[in-house]
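J.: A predicted structure for the sequence below; I have some questions about it.
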Amino acid sequence: MSTLEALCAHRLVPVVVVDDAADADPLAGALVAGGLPVVEVTFHTGAAPDAIRAMAARGDCLVGAGGVLDASEVDAAVTAGAAFVTSPGLSRAVVDRCLEHGVLTVPGTVTPTEVLAALELGLTTVRFFPAATSGGAAAVAALGAVFGSVSWIPVGGIGPANLDEYLDVPAVAAVGGSWMVPRDRVAAGDLETVQRLAAEAVAQVRRGRR
Amino acid sequence: MSTLEALCAHRLVPVVVVDDAADADPLAGALVAGGLPVVEVTFHTGAAPDAIRAMAARGDCLVGAGGVLDASEVDAAVTAGAAFVTSPGLSRAVVDRCLEHGVLTVPGTVTPTEVLAALELGLTTVRFFPAATSGGAAAVAALGAVFGSVSWIPVGGIGPANLDEYLDVPAVAAVGGSWMVPRDRVAAGDLETVQRLAAEAVAQVRRGRR
Amino acid sequence: MSTLEALCAHRLVPVVVVDDAADADPLAGALVAGGLPVVEVTFHTGAAPDAIRAMAARGDCLVGAGGVLDASEVDAAVTAGAAFVTSPGLSRAVVDRCLEHGVLTVPGTVTPTEVLAALELGLTTVRFFPAATSGGAAAVAALGAVFGSVSWIPVGGIGPANLDEYLDVPAVAAVGGSWMVPRDRVAAGDLETVQRLAAEAVAQVRRGRR
């Protein structure tokens, strides 16, 4: 399985902000126990590199860095062990650096012009961020109809109430979100809640497949 | 009349997916009979080049290619006889190839930054796609207020129920859509329906002008 | 105080279309009397350069040019005395020319890809236009959460009824709008109304701070 296949295998990408690297290993354990061995660590906190390192060392889940804004952050994320790198938007500099490192990159694209730019860089899996305020699932469906070769990972403003709308769009490979890994629950060490939320999201995806 | 003037003359651009090139000639006939001698053939299907060839050979309607994603598709569309080329977004490579061929190109632009990029390439008529999920007619009106030299062709999520909203925006040159040429009606050879829908759309535009 | 600090000091940027340069000096006087010594003159009218010149000569308010679309308009705006230049979108040519002149430039960015492009040009204060049809305050909040270093000036479709929503977003530095300076009131010389609307907007910002 390629990294991209692993990233989308569960159709869910938990996006977590880690404030203390010591929370990272048990957090990953809770996600794995919940049936969701994938995590994107927002690369804004000082704890992010060590959190990625700790989670990647477990060997039982796919760990990436999110919200990466420039090439130097790509370097830091890859050094920490990130298996994939996401950006809120499409930056040529970020994409090029990821390609140099041979690491999967999933940039954000909202408009058709940005999708064309991604295609010209050889990328066919992109995020759609911020999803809820950029037209939502209907926008992804409209884009999916004209870009047959592109797969989408919508992120932003998605939760249990509207998850199905996005998963029902054929072009949607996976959905990202923080609702499975609330920052305050993670910081409080409340891993039971994280495991339960992850398991509920996995179950919701399975129900949608039937 | 220039190609651009012909494209916008009826303020409507039917956007059709043709699955069988044999449907193309009678389809164009139905549009012409309905008073709408303009058609954009989505360049995603294998039948598209032959469909464009057959329609262009009639000589009584303006035929273009839509959804063109790269320069090689521009070549194929122009070879088939497309009088204009549209793209969902703005790709420098697509625009440059169209300029080389001397064929009218109408790229999609959603944001002001993308409009500025179109202006820098010398283009002043652009699509707004996907229209309904990108802020709708109100968004085109807002853009029209700051880009006085730009004309718009909104496409995506438009039909009889909201056509007037778009046509009422002064900066809107024409509106594109598939509601006049439903794919299943075209594939079923139901050209009476196509002719009726085209005629109804033309009548709706005329009512709006009074 | 830097020009940027002065621009955002009141968290409001009145955006005015001036049809007659003779209206400019009393208009600026009304804004100053209303407690709002900041004004962005839309650079679309023939009167705009002289209006900027007259307002800048007063010395009691910060005057800029808005809706600037290319480098030659930057030159004209700076020659007229504009202390800042805004564009509806991000144009490399406009930004470069502003940097050459050493004048503050605030381009518009809507998508994360456009924000990344602004950051790569060294700009961290951007407009969000057209705000209301691009996802509104919720969109700015979503962008603010991933771009920690960026400050926003939303413009477009904002007025007293929704001003607070935007001001409540931590990443919002100021809000632009024409509701304080209605074009017809300015053209009619009704400066009492302008002064009252400016004072009301200033009071609304103050209430929000409590």
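T.: That came through fine.
J.: what ranges does chain A have for its helices?
T.: Assigned helices in chain A, in chain order: A:3-8, A:24-33, A:48-58, A:71-80, A:92-101, A:112-120, A:136-146, A:163-167, A:183-187, A:191-209 (criterion: DSSP state H).
J.: now do the first one, average pLDDT.
T.: Read that as helix A:3-8. The average pLDDT within helix A:3-8 is 96.
J.: repeat that for the last one.
T.: Model confidence over helix A:191-209 averages 95 on the pLDDT scale.
J.: hmm, back to that, the helices of chain A: which one's closest to residue C:16?
T.: helix A:112-120 (31.2 Å; C-beta to C-beta). For the C-beta atoms, the positions are set from N, CA and C on the backbone; glycine is no exception.
J.: what residues sit buried inside the closest one?
T.: Neighbour counts using 16 or more other C-beta atoms under 10 Å in any protein chain shown place A:112, A:113, A:114, A:115, A:116, A:117, A:118, A:119 of helix A:112-120 among the buried residues.
J.: just checking, the fourth one touches residue A:126?
T.: I take that to be residue A:115. Yes: contact criterion C-beta atoms under 8 Å: residue A:115 and residue A:126 qualify, at 6.7 Å.
J.: give me the common contacts of these two.
T.: Shared contacts of residue A:115 and residue A:126 (C-beta atoms under 8 Å, 6 or more residues apart in numbering or on different chains): A:109, A:150.
J.: let's see stretch A:27-47 as CSV, backbone CA atoms only.
T.: Provided in CSV are the C-alpha atoms of stretch A:27-47 (Å, rounded to 0.1, in the frame of the first residue of the first chain):
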residue,chain,number,x,y,z
LEU,A,27,-3.0,9.8,21.6
ALA,A,28,-1.8,7.6,18.7
GLY,A,29,-2.5,4.6,20.8
ALA,A,30,-6.1,5.8,21.3
LEU,A,31,-6.6,6.4,17.6
VAL,A,32,-5.2,2.9,16.8
ALA,A,33,-7.4,1.3,19.4
GLY,A,34,-10.4,3.2,17.9
GLY,A,35,-9.6,1.7,14.5
LEU,A,36,-8.0,4.8,12.9
PRO,A,37,-4.2,4.4,12.5
VAL,A,38,-3.7,7.8,10.8
VAL,A,39,-2.9,11.2,12.2
GLU,A,40,-2.0,14.6,10.9
VAL,A,41,-0.2,16.7,13.5
THR,A,42,-0.6,20.5,13.0
PHE,A,43,2.9,21.8,12.6
HIS,A,44,2.3,25.1,14.5
THR,A,45,3.2,24.1,18.1
GLY,A,46,6.6,23.7,19.5
ALA,A,47,5.7,20.2,20.5
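J.: buried ones in that stretch?
T.: With burial defined by 16+ other C-beta under 10 Å, the residues of stretch A:27-47 counted as buried are A:27-45, A:47.
J.: coming back round to it: export the helices of chain A as JSON lines, with columns for distance to chain C.
T.: Below are those laid out as JSON lines (distance: least, C-beta to the nearest C-beta, whole Å):
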{"stretch": "helix A:3-8", "distance to chain C": "19"}
{"stretch": "helix A:24-33", "distance to chain C": "20"}
{"stretch": "helix A:48-58", "distance to chain C": "13"}
{"stretch": "helix A:71-80", "distance to chain C": "10"}
{"stretch": "helix A:92-101", "distance to chain C": "7"}
{"stretch": "helix A:112-120", "distance to chain C": "5"}
{"stretch": "helix A:136-146", "distance to chain C": "10"}
{"stretch": "helix A:163-167", "distance to chain C": "16"}
{"stretch": "helix A:183-187", "distance to chain C": "11"}
{"stretch": "helix A:191-209", "distance to chain C": "20"}
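J.: so where's chain A shaky on pLDDT?
T.: A:210 (pLDDT under 70).
J.: how does it look with 80?
T.: A:209-210 (pLDDT under 80).
J.: what does it put close to chain B?
T.: Within reach of chain B by C-beta under 8 Å from any C-beta of the partner chain, chain A has these residues: A:110-117, A:119-120, A:134-136, A:138-139, A:142-143, A:146-148.
J.: still on that earlier bit, can you list the buried residues of helix A:112-120 in JSON lines and add distance to residue B:58?
T.: Output for the buried residues of helix A:112-120, formatted as JSON lines (distance: C-beta to C-beta, whole Å):
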{"residue": "A:112", "distance to residue B:58": "30"}
{"residue": "A:113", "distance to residue B:58": "33"}
{"residue": "A:114", "distance to residue B:58": "37"}
{"residue": "A:115", "distance to residue B:58": "34"}
{"residue": "A:116", "distance to residue B:58": "31"}
{"residue": "A:117", "distance to residue B:58": "37"}
{"residue": "A:118", "distance to residue B:58": "38"}
{"residue": "A:119", "distance to residue B:58": "33"}
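J.: which of those residues lies closest to residue B:198?
T.: Here the nearest of the buried residues of helix A:112-120 to residue B:198, counting by C-beta to C-beta, is residue A:112; it sits at 26.3 Å.
J.: which ones are touching the closest one?
T.: By C-beta under 8 Å, 6+ apart, residue A:112 lies in contact with A:143, A:146, A:147, B:87, B:88, B:89, B:108, B:110, B:129, B:130.
J.: let's see which of those residues end up in strands.
T.: Using DSSP state E, no member of the contacts of residue A:112 sits in strands.
J.: which of those sit farthest apart?
T.: Checking the contacts of residue A:112 with C-beta to C-beta, the most distant pair is A:147 and B:110, at 14.2 Å.
J.: the more surrounded of the two?
T.: Set side by side, residue A:147 and residue B:110 show more neighbours around residue B:110, with 31 against 24, by other C-beta atoms under 10 Å in any protein chain shown.
J.: let me see the contact set for the more buried one.
T.: Residues near residue B:110 by C-beta under 8 Å, 6+ apart: A:110, A:111, A:112, A:113, B:89, B:128, B:129, B:134, C:110.
J.: would you mark the buried spots in stretch A:160-178?
T.: Residues of stretch A:160-178 classed as buried: A:162-163, A:165-167, A:169, A:171-178 (neighbour count, 16+ other C-beta under 10 Å).
J.: stretch A:50-60 too?
T.: By 16+ other C-beta under 10 Å, the buried positions in stretch A:50-60 come out as A:50, A:51, A:52, A:53, A:54, A:55, A:56.
J.: nearest to residue C:202, of those residues?
T.: The closest of those, once distances to residue C:202 are taken by C-beta to C-beta, is residue A:51, at 44.7 Å.
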